[in-house]
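quick one: sequence and predicted model below, then my questions.
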Amino acid sequence: MRAWRFKKPVTPGFGIAKDYYLSVLASSATLPSMLQVLNPKGDIGAVVGFGAPLASGASKDDLALPLKHGAYVLASKDQKTVLKMLLMPPQDAGFDTEAFSRSLVALDYGVDISERVRSAWHLAQFTFESHDPAVYPSLDFLLDVVSTFGSRADGVVADPISRRYLLPPQVRLFPRADEKVDAREHVSVQFRLLSSGLHAYTLGMQKFAQPEFEITGLLETDQIASATYLMALCQTVLVTGPAKLGLAYGPFQLSEGGFDMQLWQGVPVYEMLPDRTMLSSEALMSWNP
């Protein structure tokens, strides 16, 4: 008798790291109801899915009432993606809203984001309990949930891993680089000026248990070009699968990186090295996207 053949789940070659989370700092004193954020038919602009409080004694009637501090479960309609939402005062999560509003970081984001954070009444933290093996639908579900919740709670979406603060309409990009995934929704490119030159590096690939990327020895004028190259590299990995040591990606070859332990603190990193006949800046100039 011939054995049954089962299809293996189609995966992109990576998953979602357990420590990937997003937060929403909500400046509205009264929060939306669960049904305004998530309901089975996607009515009134909500995300399609199911949500429920985890508190004992909670009833179905609570779904139509304003959300309150506590734990909730949120699932996609096919239930392949399950999120946990913890709703609490910002100080309970160790977030000092006043300190943020006075920081140099706040200046980079403008008055709208700074004021929303400063006046935040609530902080909602979203983590994955389980995700679709295909990964991409789960990422979209998370982004849809946080942007919808954020919009209805006058919130700011905080992405600690990629070190970004976003207004809800900035969470999803249209048009996207690829219909499945857009690296710009998950990854940022950061810069440091060192004695050896400009250091460009990504933050966000670790969300997928993948190494971050870095380029060292650049010129200060290489910021835009290096950011474009690194984001294109991340996009390639998220669409085609994990990067491999020793392979060439444009004018650079992947090598072990992350030797600045104070910066990376054990996060895996690939350094992009040019051909020995070229400087990093020259290699970048030779790249045609």
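Arrived safely, thanks for sending. Keep in mind it's a predicted model, so treat the numbers as computed, not measured. Numbers count the residues shown, from 1 in each chain.

I'd like the distance between the residue nearest the centre of the chain and Tyr165.
Nearest to the mean C-alpha position of the chain, by Cα atoms, centre = their mean, lies His186 at 3.6 Å. From His186 over to Tyr165 the distance is 15 Å, taken as Cβ to Cβ, to the nearest Å. Yep, even glycine has a C-beta here, placed from its N, CA and C like the rest.

on that earlier part again, the residue nearest to the centre of the chain against Leu139, yeah?
Yes. The pair His186 / Leu139 is scored as a contact, 7.1 Å apart, by Cβ atoms under 8 Å.

can you give me the domain assignment for the protein?
Here the domain parsing of the chain from automatic domain parsing is 21-170, 183-285.

quick one: the longest one to chain centroid distance?
Going back to what we said before, that points to domain 21-170. Domain 21-170 sits 13 Å away from the centroid of its parent chain (Cα atoms, centre = their mean, to the nearest Å).

now do the end-to-end distance for that domain.
One end of domain 21-170 sits 17 Å from the other (Cα to Cα, to the nearest Å).

low-confidence ranges in the chain?
By pLDDT under 70, the weakly predicted segments of the chain are 1-9.

scan it for its longest strand.
The strand that spans the most residues within the chain, counting by DSSP state E, is strand 122-130.

so where do the strands sit in the protein?
21-26, 38-39, 47-53, 70-76, 82-88, 122-130, 155-159, 164-166, 188-194, 197-203, 212-218, 248-249, 252-256, 269-274.

make CSV out of those and add distance to Asp144 and mean neighbour count.
Listed next are the strands of the chain as CSV, based on distance: least, Cβ to Cβ, whole Å; neighbours: other Cβ atoms under 10 Å:
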stretch, distance to Asp144, mean neighbour count
strand 21-26, 12, 25
strand 38-39, 9, 24
strand 47-53, 5, 19
strand 70-76, 9, 18
strand 82-88, 11, 20
strand 122-130, 11, 19
strand 155-159, 12, 24
strand 164-166, 14, 21
strand 188-194, 20, 15
strand 197-203, 22, 21
strand 212-218, 26, 23
strand 248-249, 31, 14
strand 252-256, 33, 17
strand 269-274, 30, 22
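
could you say which one of those comes nearest to Glu282?
Of all the strands of the chain, it is strand 269-274 that lies closest to Glu282, at 7.0 Å by Cβ to Cβ.

same for that closest one, what does it pack against?
Here strand 269-274 touches strand 212-218, strand 252-256, helix 280-285, going by 3 or more Cβ pairs under 8 Å, 6 or more residues apart in numbering; DSSP states H and E.

one more pass at 7 Å, please.
The contact analysis (3 or more Cβ pairs under 7 Å, 6 or more residues apart in numbering; DSSP states H and E) places strand 269-274 against strand 212-218, strand 252-256.
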